[in-house]
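1. No letters, just coordinates:
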């Protein structure tokens, strides 16, 4: 990982803190675990913050070196992410003016208008699935099925944060994280703008967050993948 990529990851963690998307404290997750940090990408909910987020997504995807033709955003969170990131990619200096198509799905099929469950550009070529995080992998499985049914090829999964956390609940701990399971099951690279490792780097380097370092380290020791 080059210095520019590392800096982008650190910048994203700080941006998430500034926007209130990343917070420290005690938060009970759906699995029943009590996490010392909380990440809610739904709080990137203004035009400016979504635009900055999309640029982080675009930079992470381009820096990964993964070849791609278009983006697919699973409903509902992936819809705005796919649209905004397609704009950011089409303005990315390293893509030489490529116009990046995107598509997304509906939760329910329409029987009028354009019909079906897909909206946007036809699913063709190498398709990157974009979402906020991977928790159980259900959204990825659904997206892969849709893409392959159209004769296209899933190329990667692009997410905001890799929690680097094993699946399960507060008592039962799985062997792998949701990200690792997706990579193994589908043979797809998972590209993240940042990860728990980058959050811990911030805690170690920035004195104003030192009080949270021990609790995050203990959580990672117990549940980390």
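-> Perfect, thanks for sending it. Worth saying up front: this structure is predicted, and the values here are computed from it rather than measured.
2. Checking the most centrally placed residue in the chain next. Helix, strand or coil?
-> Nearest to the mean C-alpha position of the chain, by Cα atoms, centre = their mean, lies residue 159 at 1.3 Å. For residue 159, the assignment made with DSSP: H, G, I helix; E, B strand; the rest coil gives strand.
3. I figured it hits residue 134, correct?
-> Yes. With contact defined as Cβ atoms under 8 Å, residue 159 reaches residue 134; the gap is 5.8 Å. Where C-beta positions appear, they are placed from N, C-alpha and C, glycine not excepted.
4. After the lowest-mean-pLDDT helix or strand in the chain, which helix or strand is next? Please name it.
-> When the helices and strands of the chain are compared on mean pLDDT, DSSP states H and E, strand 102-110 comes out lowest with a mean of 83. Under the assignment DSSP states H and E, the closest C-terminal helix or strand after strand 102-110 is strand 116-120.
5. quick one: that next one to chain centroid distance?
-> 22 Å (Cα atoms, centre = their mean, to the nearest Å).
6. Could you list every helix and strand that that strand packs against?
-> strand 102-110 (3 or more Cβ pairs under 8 Å, 6 or more residues apart in numbering; DSSP states H and E).
7. Give me the contacts around the lengthiest helix in the chain.
-> Determined from DSSP state H, the single longest helix within the chain is helix 47-64. Residues outside helix 47-64 that contact it (Cβ atoms under 8 Å, 6 or more residues apart in numbering): 4-5, 8, 11-12, 15, 19, 41, 44, 68, 80-81, 84-85, 87-89, 92, 94-95, 128, 130, 156, 158, 160, 189, 191-193.
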